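Engineer: Next input, structure requested:
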Amino acid sequence: MVRVIQFGGSGRVVRSAWRPALWVVLFVGMNLCSVIIVRSVLGAEELPVISTSQLWGDALKDGKPWATTGIAGICSVRQLGFKTLACHFVQILETVETHACYIDTWTETLRLVSRTPQRIVWNATQGPTPAAGLVITSTLTVEPGSFREKGDKAFLTVGPMAATDDWSYTSVRTIANPPPSGIGAGVVQKNVKGGPKNPMRPALSCPTPYLAPSLPTAGDE
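Structural biologist: Residues are numbered from 1 along each chain as shown. The predicted model follows:
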């Protein structure tokens with residue numbers, strides 16, 4: 001189940017319906033929401049929750065500019081050492097030619113590729129689906145932001161944060177057997193970045209809903 005929280009205002013404290021001991025504050029931007037963990041009073045069996053910053057960039061279709069997109073995610077850590085993340089993402093996308101606007105949410109299980117003081121990388125592959133042969137591969141990367149002291153051990157122990165670290169997310173979607181209508185045909189590649197050293201939100205023509213991903217549950221994966 002994907003749950004989208006919609007509200008106005010600059011900030012709101014929300015208690016997780018699935019994890020009653022977990023509180024988060026959602027700070028609303030123009031289109032997406034940065035999710036920052038404020039306090040977590042969890043049992044010994046619980047693992048951390050991490051969230052990305054607001055990530056902005058472009059989507060290409062068959063190598064050509066297709067849309068401007070923004071993505072934000074919140075992830076439940078499912079293994080010690082951040083080895084597995086169960087993430088919900090929310091996206092706003094505006095096409096280049098028609099300025100049509102789309103909002104989407106999805107769930108991914110990402111697995112650790114590398115973890116060093118300089119960078120943490122996870123990736124995921126979904127598919128292929130029956131008939132259409134849809135395959136989506138994605139990579140989530142985070143590097144310590146400029147606000148951290150050099151060699152800050154908390155980056156690896158406590159984990160990365162939305163507000164202080166530099167995030168990037170890339171995905172590639174291919175369909176081996178598109179329908180006769182051609183809907184969904186072509187290779188779509190997204191490349192978005194966010195954090196202190198990355199681009200801020202671009203100008204969009206889309207309306208400005210306030211959206212935030214919620215924590216995934218075991219049934220979502």
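
Engineer: Could you pull out the buried residues of stretch 153-168?
Structural biologist: 155, 159-162, 164-168 (16 or more other Cβ atoms under 10 Å). All C-beta spots, glycine's among them, are computed from the backbone N, C-alpha and C.

Engineer: Out of those residues, which is nearest to Ala124?
Structural biologist: Set against Ala124, the nearest of the buried residues of stretch 153-168 by Cβ to Cβ is Ser168 (14.5 Å).

Engineer: Which residues does the helix or strand hosting the closest one contact?
Structural biologist: Assigned by DSSP states H and E, Ser168 belongs to strand 166-175. Residues outside strand 166-175 that contact it (Cβ atoms under 8 Å, 6 or more residues apart in numbering) are 52-53, 55, 71, 73, 89, 132-145, 160, 184-198.

Engineer: Whichever of these end up buried, select them in PyMOL.
Structural biologist: Remark: buried members of the contacts of strand 166-175, expressed as a PyMOL selection using 16+ other Cβ under 10 Å:
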select buried, resi 52+53+55+71+73+89+134+136+138+139+140+141+142+143+144+145+160+188+189+190+191+192+193+194+195+198
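
Engineer: what residue of this structure is the furthest out?
Structural biologist: Within the chain, Pro180 marks the point farthest from the mean C-alpha position, 31.7 Å out by Cα atoms, centre = their mean.

Engineer: Wasn't that one part of a strand?
Structural biologist: No. Assessed by DSSP: H, G, I helix; E, B strand; the rest coil, Pro180 does not belong to a strand; its assignment is coil.

Engineer: ok, now which ones touch it?
Structural biologist: No contacts exist for Pro180 under Cβ under 8 Å, 6+ apart.

Engineer: still on that earlier bit, the strand holding Ser168 pairs with which strands, parallel or anti?
Structural biologist: strand 134-143 (antiparallel), strand 188-194 (antiparallel) (DSSP bridges).

Engineer: tell me which residues in it are buried?
Structural biologist: Buried positions in strand 166-175, judged by neighbour count with 16+ other Cβ under 10 Å: 166-171, 173-175.

Engineer: Now for the buried residues of stretch 153-168: which two are most distant?
Structural biologist: Checking the buried residues of stretch 153-168 with Cβ to Cβ, the most distant pair is Gly159 and Ser168, at 16.7 Å.

Engineer: what mean pLDDT does the strand of greatest length in the chain have?
Structural biologist: The residue-count maximum for a strand in the chain (DSSP state E) belongs to strand 101-116. The pLDDT scores in strand 101-116 average 93.

Engineer: Return the angle between stretch directions for that strand and strand 166-175.
Structural biologist: Comparing the axes of strand 101-116 and strand 166-175 via axes from the mean of the first three to the mean of the last three Cα atoms, to 10 degrees yields an angle of 120 degrees.

Engineer: can you give me the helices for this protein?
Structural biologist: Applying DSSP state H to the chain gives helices spanning 154-157.

Engineer: Just give me the residue right at the centre of it.
Structural biologist: In the chain, the C-alpha nearest the mean C-alpha coordinate belongs to Gly73, at 2.9 Å (Cα atoms, centre = their mean).

Engineer: got the CA coordinates for stretch 89-100 in PDB?
Structural biologist: Extracted C-alpha coordinates of stretch 89-100, given in PDB (Å, rounded to 0.1, in the frame of the first residue of the first chain):
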ATOM      1  CA  PHE A  89       9.500   7.700  -3.400                       C
ATOM      2  CA  VAL A  90       7.200  10.500  -4.600                       C
ATOM      3  CA  GLN A  91       7.800  12.300  -7.900                       C
ATOM      4  CA  ILE A  92       6.500  15.300  -9.700                       C
ATOM      5  CA  LEU A  93       7.200  15.500 -13.400                       C
ATOM      6  CA  GLU A  94       6.600  18.100 -16.100                       C
ATOM      7  CA  THR A  95       7.100  17.300 -19.700                       C
ATOM      8  CA  VAL A  96       9.200  19.600 -21.900                       C
ATOM      9  CA  GLU A  97       6.900  19.800 -25.000                       C
ATOM     10  CA  THR A  98       3.400  20.000 -23.500                       C
ATOM     11  CA  HIS A  99       4.100  21.000 -19.900                       C
ATOM     12  CA  ALA A 100       1.800  18.200 -18.800                       C
END
